[in-house]
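**Student:** Requesting a structural model of the entry that follows:
(one chain, ligands or ions: 1)
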Amino acid sequence: MTIDVLNALRHDINEIDSDLLVLLAKRRRISHGVVEYKIANNKPIRDEARELALLEKLIGYGKSLGLDAYYVNNVFQTILEDSVLHQQAMLQKNLNPDALSETHRVTYLGGQGSYSQLACHKYFSRRPGKLVEIGCTSFDEITGKVENGQADFGLLPIENTSSGSINEVFDLLQHAQVSIVGEVTHSVEHCLLANPGTQLSQLTKLFAHPQPFAQCSRFLQGLGDLQHETCDSTSSALQSALNTPNSAAIGSAQAGKNVGLEVIKSNLANQSENHSRFIVVARKPLQASKQIPTKTSLIMATKQQAGSLADALMVFKQHQINLVKLESRPVPGNPWEEVFYVDLEANLADSQVQHALEELKEHTQYVRVLGCYQSESLQAVSVNT
Ligand SMILES: O=C(O)C(=O)C[C@]1(C(=O)O)C=C[C@@H](O)C=C1
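**Tutor:** Presented below is the predicted three-dimensional model:
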């Protein structure tokens, strides 16, 4: 085969790929039309029976074209996830027209290439409008900018599959005057990034935010005696590595590429599936539609008596509310007192949630709702392939 033949084949592939994109954009536009029907008829956005029927039909058709079921299923699950999340975001915009304006001023930790920036792009890609990004160097600064109106939204990492809950953010939520209005999960693929030509064996110093250090602890133990320097954010770690000979930073491959650092080792995280969940906060709460899956987050301090936490949790059971997260944190200045962070798989507007909150008062010193928001963890429908 000559190079001309290869070029001709690549040209054909390019054309097909462009056609696929045109069709995907067209599909998305049509699904936006479906939202209007669902809003007008008060129907849930997600229709799992329709998704199942669609996937089964496509898998069958794919087989007749020589495409295996696994491949077809994967491609269309991705398309459906995009479709559902887009529709849900549209519905939320429809419900909160003033809060979700044409320009979103968003503040997050770090700058170019930080994981928070990647998560911010993912979240706002489904919420059309001009994005004005404001990088910060601490979580306090993020909530501060939201509180004083310099930013409309703030993005805070709250938990990670390798390192667990991010306590600093939970503690901040005790006093910050913000509401949780959304969440986004982003996969975090840590790499060791160094100036081009640097070998692993030459490294004497490592820069990273405390979170990547914690999430890659097993890999780092195996590296021996390297000096660790903690940085405010992954972006500042990258800059430090860039300016320090025989050093490296922990960050994403994309972030390294943006600033001219090379990947010298990838897949560093303790868990192969390393994901971070971020919450999106705003000054005022947003209304969350009952047509989409939602979470309600709250903080409560139980009474200082035996069994009060169990009694409080029983309230959720009695009202058949699924509790998906429970985290305890000390109260600053009050030794041995704890507050509990609770995520419920429910909508604040549901009557059973309202009743539960009322009953909860009997077993707690205080309860504060942090927000009710669209849950972005979508469970894919399961198809027999
Ligand atoms: O058919 C619908 O009801 C749609 O909203 C479209 C669509 C899709 O993209 O195919 C999206 C969401 C539903 O869960 C099912 C299907």
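**Student:** Looking at the stretch 101-250 of the chain, what residue ends up closest to the ligand?
**Tutor:** residue 126 (13.6 Å; Cβ to the nearest ligand atom). Yep, even glycine has a C-beta here, placed from its N, CA and C like the rest.
**Student:** Next, give phi and psi for that residue.
**Tutor:** When read as degrees, to the nearest 10, the backbone of residue 126 gives phi -90, psi 0.
**Student:** oh, and call the first residue 242 from now on, that's how I've got it
**Tutor:** Okay, using 242 as the starting number, the last item reads as residue 367.
**Student:** Now it. Nearest residue, chain neighbours left out?
**Tutor:** Of all residues not flanking residue 367 in the chain, residue 330 sits nearest, at 4.3 Å (Cβ to Cβ, 6 or more residues apart in numbering).
**Student:** Next, the contact list for the residue of the stretch 342-491 of the chain closest to the ligand, please.
**Tutor:** 326, 327, 330 (Cβ atoms under 8 Å, 6 or more residues apart in numbering).
**Student:** Just confirm the first one is within a helix.
**Tutor:** Put plainly, it is residue 326. Yes. Assessed with DSSP: H, G, I helix; E, B strand; the rest coil, residue 326 lies in a helix.
**Student:** Give me the nearest residue to it, chain neighbours excluded.
**Tutor:** Closest to residue 326 by Cβ to Cβ, 6+ apart is residue 367, at 5.6 Å.
**Student:** Retrieve the pLDDT associated with that neighbour.
**Tutor:** On pLDDT, residue 367 comes in at 85.
**Student:** Near the ligand, which residues of the protein? Just list them.
**Tutor:** Residues of the chain lying near the ligand by Cβ under 6 Å from any ligand atom: 272, 275, 287, 288, 291, 292, 295, 321, 324, 325, 328.
**Student:** What's the PyMOL line that selects buried ones from those?
**Tutor:** Filtering the residues of the chain next to the ligand down to the buried ones (16 or more other Cβ atoms under 10 Å) takes a single PyMOL command:
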select buried, resi 272+275+287+292+295+321+324+325+328
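**Student:** Quick check: the farthest pair among the residues of the chain next to the ligand?
**Tutor:** Farthest pair in these (Cβ to Cβ) is 295 and 328. Separation: 14.7 Å.
**Student:** what's the following helix or strand after the strand or helix carrying residue 519?
**Tutor:** Following DSSP states H and E, one finds residue 519 within strand 516-523. Moving toward the C-terminus from strand 516-523, the next helix or strand (DSSP H and E) is strand 535-543.
**Student:** And the contacts of that next one?
**Tutor:** 414-415, 421, 424, 520, 529, 549-550, 552-553, 565, 572, 578-589, 594, 598, 601, 604-616.
**Student:** which ones among those are found in strands?
**Tutor:** Residues of the contacts of strand 535-543 located in strands (DSSP state E): 421, 424, 520, 565, 572, 578-585, 605-615.
**Student:** What's the PyMOL syntax to select whichever of those are buried?
**Tutor:** Per 16+ other Cβ under 10 Å, the buried members of those correspond to this PyMOL selection:
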select buried, resi 421+424+520+580+581+582+583+584+585+605+608+610+611+612+613+614+615
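**Student:** excluding its backbone neighbours, what's nearest the residue in the chain positioned nearest to the ligand?
**Tutor:** Closest residue of the chain to the ligand, Cβ to the nearest ligand atom: residue 324 (3.2 Å). Spatial nearest neighbour of residue 324, excluding adjacent residues (Cβ to Cβ, 6+ apart): residue 272 at 4.6 Å.
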